[in-house]
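**Student:** Sharing a sequence plus its predicted fold:
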Amino acid sequence: MPPRKKRNSAPPVSVTDRIGALPESILHHMLSFLPAQAAVRTCVLARRWRHLWRSTTGLRIGPLDYHDYGGADVEDLHKFMEHLLILRERTDLDTVQIQFDGFCEEDQPRVNLWVRYAVMCKVRALTVHIDCGDLDLDDLPLVSRHLRTLDLHGVVLHTSFLDFASCPALEDLNMNYCSIFGSNVSSRSLKHLGISYCSYDLDCRIHISTPCLVSLKIDHHSGRTPFLENMALIESAHVYLCKYSKDACLNHASGVFCGANNNACKNCVPIEDDCSKECVLLGGISSAKHLELLPENGTFIFARDLKQCPTFTKLKTLLLNEYWCEGPDLDPLACILKNSPVLEKLTLQLFSKGPTHKVEMKGSYNSVEGPAAISQHLHMVEVKCNAVDEKILKVLKFLTAFNIRFGFV
């Protein structure tokens, strides 16, 4: 047999630790995206990794696998967290996320301790997310010159916590599925506020005092509708009021809208702090450029506000639903249109929540046909629905009287 040819040897495999060669600041940032347990485990990778976890820029307290919520509760982690808080360097934190599926009564002080630890480490973005149950946060104010974003889910909030006067950098506040027990939410620095699926069980209106607010979202709020104080810098607001709030008429389903008369249902009877001489919602957001007002039928706060309807001097785009087309003369719709002198786009989403609609029509204001009582800047009107029935035809006829002409899309 002919002798075999000698193979060229393969090039040596590089064993360079390219990730480990990165600057420590980048490694600290990378580790901040891992659950705290996983970040600590990196100490066995190499000598250089031994202490990196002690100075991460973020802290994620919760299940090791964030897709496995079933077995994650505070009890599973409190021993680990006791050691972590002792051994970790007192470096500043950019983000802290506390997320659990469940907890028991004795766990509440532990979670509150972790929240205060985050504030002590000058956290900029703090998230507390509890999926099952309502965890009581301490009724103490947050004191931080560094906190910019606060995201709360499934917690109980009290009066002192909701006073953010000692958080002068706070700009973003989101509250989802929270129970609110306080009469005020106040912040002079807040720019973006979201309140979704929260409950408010006190028999008075919570006052929202945020003079620098730029965007607002209130969605499925139960209890009394919040009273919005003046928001001169507001640019956009989304308000969805559900029929299960305490500002919904209990007789509406039977065809009777009792309003605020002597024979009113218990929801319609004005409460002591009802701000009945002022607009509850519309006054606070009257400076907005973009509004989405989507109350369910039966709620009466917007109907009350329209009695002292403000002028929306900056309003450019407006999204409304069928609530505004109630009444024999569509008075709510007429009122808000007449008080929006620079409105450019109106969208009516009627008996169809979307996002897709079976019928869409577009129209615009026709200035040739004479002066109108509504904005002459109204270059687009959209009507979205599932079918053109008598109710839709009534709305189209109403808009035609304001020199608006339509065509099907």
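**Tutor:** Ah, there it is. Because the structure is predicted, anything quoted here is derived from the model rather than measured. Residues are numbered from 1 along each chain as shown.
**Student:** pLDDT value on Gly259, please?
**Tutor:** You'll see Gly259 listed with a pLDDT of 54.
**Student:** All the strands of the stretch 251-400 of the chain, in order from the start?
**Tutor:** Using DSSP state E, counting those that start in this stretch, the strands assigned to the stretch 251-400 of the chain run over residues 290-293, 317-321, 345-349, 359-365, 380-385.
**Student:** Show me what the fourth one packs onto, helices and strands only.
**Tutor:** Spelled out, that is strand 359-365. Counting by 3 or more C-beta pairs under 8 Å, 6 or more residues apart in numbering; DSSP states H and E, the packing neighbours recorded for strand 359-365 are strand 380-385, helix 390-400, strand 404-408. Placement of C-beta: from N, CA and C, glycine included.
**Student:** contacts for that strand?
**Tutor:** With contact meaning C-beta atoms under 8 Å, 6 or more residues apart in numbering, strand 359-365 is reached by 372, 374-388, 392, 396, 399, 402-409.
**Student:** need the helices and strands packed on strand 359-365 in JSON lines with mean pLDDT and mean neighbour count, can you?
**Tutor:** JSON lines is the format used below for these (pLDDT from 0 to 100; neighbours: other C-beta atoms under 10 Å):
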{"stretch": "strand 380-385", "mean pLDDT": "93", "mean neighbour count": "20"}
{"stretch": "helix 390-400", "mean pLDDT": "91", "mean neighbour count": "15"}
{"stretch": "strand 404-408", "mean pLDDT": "75", "mean neighbour count": "13"}
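**Student:** Confidence-wise, which of the strands of the stretch 251-400 of the chain is weakest overall?
**Tutor:** What stands lowest among the strands of the stretch 251-400 of the chain, in mean pLDDT terms, is strand 359-365, with a mean of 88.
**Student:** How about it, which residues are buried there?
**Tutor:** Buried residues in strand 359-365, counted by 16 or more other C-beta atoms under 10 Å: Met361, Gly363, Tyr365.
**Student:** okay, now Ile19: neighbour count?
**Tutor:** The local packing count at Ile19 equals 12, with neighbours defined by other C-beta atoms under 10 Å.
**Student:** correction: Lys289
**Tutor:** When neighbours are counted by other C-beta under 10 Å, Lys289 registers 15.
**Student:** what's the answer for Gly62, then?
**Tutor:** 22.
**Student:** mind checking how far it is from Ile98?
**Tutor:** 7 Å (C-beta to C-beta, to the nearest Å).
**Student:** Can you pull out the low-pLDDT segments for the stretch 151-300 of the chain?
**Tutor:** The model of the stretch 151-300 of the chain has pLDDT under 70 over residues 251-277.
**Student:** repeat that for 50
**Tutor:** Judged by pLDDT under 50, the stretch 151-300 of the chain has its weakly predicted residues at 260.
**Student:** before we move on, the earlier item: dump the strands of the stretch 251-400 of the chain into JSON lines; add distance to Thr225 as well.
**Tutor:** What follows is the strands of the stretch 251-400 of the chain, written out as JSON lines (distance: least, C-beta to C-beta, whole Å):
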{"stretch": "strand 290-293", "distance to Thr225": "12"}
{"stretch": "strand 317-321", "distance to Thr225": "16"}
{"stretch": "strand 345-349", "distance to Thr225": "21"}
{"stretch": "strand 359-365", "distance to Thr225": "31"}
{"stretch": "strand 380-385", "distance to Thr225": "26"}
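**Student:** now for those, which one comes closest to Leu135?
**Tutor:** Nearest of the strands of the stretch 251-400 of the chain to Leu135, taken as C-beta to C-beta: strand 290-293 at 31.1 Å.
**Student:** what packs against that closest one?
**Tutor:** Contact here means 3+ C-beta pairs under 8 Å, 6+ apart; on that basis strand 290-293 packs against strand 236-240, strand 317-321.
**Student:** Switch the ones you listed over to CSV, and while doing so, append distance to His221 to every line.
**Tutor:** Shown next, in CSV, are the helices and strands packed on strand 290-293 (distance: least, C-beta to C-beta, whole Å):
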stretch, distance to His221
strand 236-240, 8
strand 317-321, 16
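**Student:** Relative to His29, how far out is Pro23?
**Tutor:** With distances taken as C-beta to C-beta, Pro23 is found 10 Å from His29.
**Student:** Using JSON lines, lay out the helices and strands packed on strand 290-293 together with distance to Pro328 and mean neighbour count.
**Tutor:** Output for the helices and strands packed on strand 290-293, formatted as JSON lines (distance: least, C-beta to C-beta, whole Å; neighbours: other C-beta atoms under 10 Å):
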{"stretch": "strand 236-240", "distance to Pro328": "25", "mean neighbour count": "20"}
{"stretch": "strand 317-321", "distance to Pro328": "18", "mean neighbour count": "20"}
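**Student:** Much appreciated, bye for now.
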